[in-house]
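Novice: how would this look folded up:
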Amino acid sequence: GVLTAFCEQERVTRMRGVRLEPGTLPAEALEAVLNTAGNRRLSEVRTYAVAEEMAVLPGDLPTIRFEHHLAHAATAMYTSPFERAAVLVCDQHSSPELSVWTANGTTLMRQGASVATGFASIYSSCREAFGLRPGQEHELEGMARLDPGCDGRFDEHILYVDGDLRVSPGLTRTIAEWLGRDGGRDPVGQRCRIASAFQRRLGRVLLELITDMRVTTGMRHLCLAGGLFYNSPTPSAASRRR
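Specialist: Predicted structure coming up:
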């Protein structure tokens, strides 16, 4: 019942984004985890748990599969200090992308309808409009933090209505037009202003959703899970367990 050790394969191999080949184990990460857990042996592993659809372990291993969002929700909840909490999962690499859970002791329950298109996809669409490569969302976040302004240009483009996220058609094209039209003599500053306006609007919409969660679940504590929150390199990642 206690998390003993964890390790990502790329942290050991020093190869960014290394993938798990079908039918194999992440041998280096597994060895690091067993050593950290008290010099345990591979033969002592009773069960392998998998929550990624594309992950295929060797067929002779005792393996159980968990739904992707359930695994995210469990990770956030069971490493938090809370006995009872609401859990919000935002992850781009699954469908639906957003789900809400409640946790009471050792029980996790999905609540209500899930949202097909979530915050992670919206964030990635803005990253694309800025001409950044996939995986460079953190650069967009960095630019947003360089401008303290309150530009409201996204207020009518990203909305939370009746429990659903709504985004204006052609938002990516609109952002690209803003970037090309309004740069003037300070193109870097303009990019930061647009990034800041985008992130502030997305943050306000997120708070609207969380306010609804507070009402519908009756929970006083919140855990945030999934790639949108876990992959942030900034101090805001710490908010996932507030």
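Novice: three-state assignment of the residue of the chain most remote from its centre?
Specialist: What lies farthest from the middle of the chain is Arg185; by CA atoms, centre = their mean that is 35.6 Å. When classified by DSSP: H, G, I helix; E, B strand; the rest coil, Arg185 comes out as coil.
Novice: Look up how far Ser196 lies from it.
Specialist: The gap separating Arg185 from Ser196 is 19 Å, by CB to CB, to the nearest Å. Every residue, glycine included, has its C-beta placed from N, CA and C.
Novice: what's the neighbour count on the nearest residue to Phe82 once chain neighbours are set aside?
Specialist: Excluding the flanking residues, the one nearest Phe82 by CB to CB, 6 or more residues apart in numbering is His221, at 4.5 Å. Residues near His221, counting by other CB atoms under 10 Å, number 16.
Novice: any idea how far His221 lies from Glu177?
Specialist: 42 Å.
Novice: In the protein, where is pLDDT below threshold?
Specialist: 113-116, 182-184, 231-242 (pLDDT under 70).
Novice: which residues in it form strands?
Specialist: With DSSP state E, the ranges of strands along the chain come out as 48-50, 63-65, 84-90, 98-104, 107-115, 158-161, 164-167, 222-225.
Novice: out of these, which comes closest to Ala74?
Specialist: strand 107-115 (6.1 Å; CB to CB).
Novice: about what we covered before: for the strands of the chain, give me TSV that also has mean neighbour count and distance to Gly1.
Specialist: Listed next are those as TSV, based on neighbours: other CB atoms under 10 Å; distance: least, CB to CB, whole Å:
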stretch	mean neighbour count	distance to Gly1
strand 48-50	14	14
strand 63-65	12	17
strand 84-90	25	17
strand 98-104	22	15
strand 107-115	14	14
strand 158-161	15	37
strand 164-167	16	36
strand 222-225	24	18
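Novice: Can you tell me, leaving aside adjacent residues, what's nearest to Ala32?
Specialist: Nearest to Ala32 is Cys7, by CB to CB, 6+ apart, at 4.4 Å.
Novice: Neighbours of that neighbour, how many?
Specialist: Around Cys7 there are 17 residues (other CB under 10 Å).
Novice: circling back: for the residue nearest to Phe82, give me the backbone phi and psi.
Specialist: phi -120, psi 150 (degrees, to the nearest 10).
Novice: and it, how far is that from Leu57?
Specialist: 34 Å.
Novice: same question, Thr174
Specialist: For Thr174, the distance to Leu57 - CB to CB - is 44 Å.
Novice: now Leu209: how far from Arg145?
Specialist: For Leu209, the distance to Arg145 - CB to CB - is 22 Å.
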